[in-house]
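Visitor: Starting from these lines, generate the structure:
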Amino acid sequence: MATALCPGSFDPVTNGHLDIIERTARHFDDVLVAVIRNPQKSAPLFTLAEREEMLREVLAHVPNVRIDHFKGLLVDYAREHGAESIVKGLRAISDFDYELQMGQMNHQLSGIDTFFITTNPAYSFLSSSLVRDVARFGGDVSSMVPPSVAKRLDERFGADN
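Guide: As a prediction, the model looks like this:
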């Protein structure tokens, strides 16, 4: 059974993330979505447990997807969980520059291949940090995130922010 690993901070999960995960699930027998606190990013808006819960809610319709979290090296986690591949979504050339280096480093460390899926153009502008900023200042993010995530953002920032 071929297992793919889709890592990310998912803070919050966006429609772009869902698109990549759902498309990955069509090509692999098992998809492990792994949530990490990225030390290169600012303090998270949602806890690891909240992010896992949101992912479970919005991916419940995809039977071959599992949700987990990790810390440490991605390739160590991948090996421990039997993932033969890492799948990353690409929105722009800037994503590719960074993800190519990460993919090459991961291959050097472990022999695990990284597959890149280009984002649906409808989601190419989306990032979790932009969604957080729009929501923080009272903007409508309902077309950018699943309804349950939009509700959590409203609760976090207050409807009258």
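
Visitor: pretty sure residue 115 is in a helix, no?
Guide: No: judged by DSSP: H, G, I helix; E, B strand; the rest coil, residue 115 forms no part of a helix; its state is strand.

Visitor: Contacts only, for it.
Guide: Going by Cβ atoms under 8 Å, 6 or more residues apart in numbering, residue 115 touches 4, 85-88. For the C-beta atoms, the positions are set from N, CA and C on the backbone; glycine is no exception.

Visitor: Reformat those as CSV; add neighbour count, distance to residue 66 and pLDDT.
Guide: CSV is the format used below for the contacts of residue 115 (neighbours: other Cβ atoms under 10 Å; distance: Cβ to Cβ, whole Å; pLDDT from 0 to 100):
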residue, neighbour count, distance to residue 66, pLDDT
4, 24, 11, 98
85, 18, 15, 97
86, 26, 15, 98
87, 23, 14, 98
88, 21, 18, 97
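
Visitor: Run through the neighbouring helices and strands of the least confident helix or strand in the chain by mean pLDDT.
Guide: Here the helix or strand of the chain ranked lowest by mean pLDDT, DSSP states H and E is helix 93-110, holding a mean of 93. Under the contact definition 3 or more Cβ pairs under 8 Å, 6 or more residues apart in numbering; DSSP states H and E, helix 93-110 sits against helix 74-80, strand 85-90, strand 113-118.

Visitor: Since that was my last question, I'll sign off now.
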